[in-house]
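Trainee: Structure for the following, please:
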Amino acid sequence: MAFNFKNNEEFVQALKTDTALQNEIKTDPVATMNDKVNIQEAELPNTPIYRMLVIALMLTVLIIVIGLLIMALTGMADKNQNVLTIFTAIASTAIGALAGVLMPVQKKG
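Mentor: So this is what the prediction gives:
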């Protein structure tokens, strides 16, 4: 009998209550985990809105990095410290948002 759990909490609950599963884990934990337990991994959404969001965030970071490089090479960075600070803040925020969007989340229940 194979068990399918949506998250780790379901696995822990089944392990607390199911004596057959407890005995199998005690005898051979690696084989039992490989054969009987299948914890489903969270999937990233594959929708057009999600793709557009990821592309927009990536383009934002890319454009700002290119802009900062151009400012550094032409010497404009020395004159415009406020613009440099704003660009850096926007790029940092876009990178954080991109990391948050790309991180899969396991849903409870």
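
Trainee: how much space is there between residue 16 and residue 64?
Mentor: Residue 16 is 50 Å from residue 64, where distance means CB to CB, to the nearest Å. Placement of C-beta: from N, CA and C, glycine included.

Trainee: The two: which is more packed in?
Mentor: Ranked by neighbour count (other CB atoms under 10 Å), residue 16 and residue 64 place residue 64 first, with 19 against 9.

Trainee: and that one, what does it touch?
Mentor: Residues in contact with residue 64 (CB atoms under 8 Å, 6 or more residues apart in numbering) are 87, 90, 91, 94.

Trainee: let's go with 6 Å and repeat that
Mentor: By CB atoms under 6 Å, 6 or more residues apart in numbering, the contact set of residue 64 is 87, 90, 91.

Trainee: what's the closest of these to residue 10?
Mentor: Nearest to residue 10, judged by CB to CB, of these is residue 91 at 39.6 Å.

Trainee: which SSE is that closest one in?
Mentor: Using DSSP states H and E, residue 91 falls within helix 81-102.

Trainee: That helix: which residues count as buried?
Mentor: Neighbour-count burial for helix 81-102, counted by 16 or more other CB atoms under 10 Å, picks out 84, 87, 91, 94, 95, 97, 98.

Trainee: Tell me the one of these nearest residue 25?
Mentor: The closest of those, once distances to residue 25 are taken by CB to CB, is residue 98, at 39.1 Å.

Trainee: my guess is that closest one meets residue 55, correct?
Mentor: No. Residue 98 is beyond contact range of residue 55, at 10.2 Å (criterion: CB atoms under 6 Å).

Trainee: that older thread, with distance to residue 74 and pLDDT as added columns, please give the buried residues of helix 81-102 in a markdown table.
Mentor: Putting those into a markdown table (distance: CB to CB, whole Å; pLDDT from 0 to 100) gives the following:
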| residue | distance to residue 74 | pLDDT |
| --- | --- | --- |
| 84 | 12 | 84 |
| 87 | 14 | 88 |
| 91 | 18 | 90 |
| 94 | 23 | 91 |
| 95 | 24 | 92 |
| 97 | 29 | 91 |
| 98 | 28 | 90 |
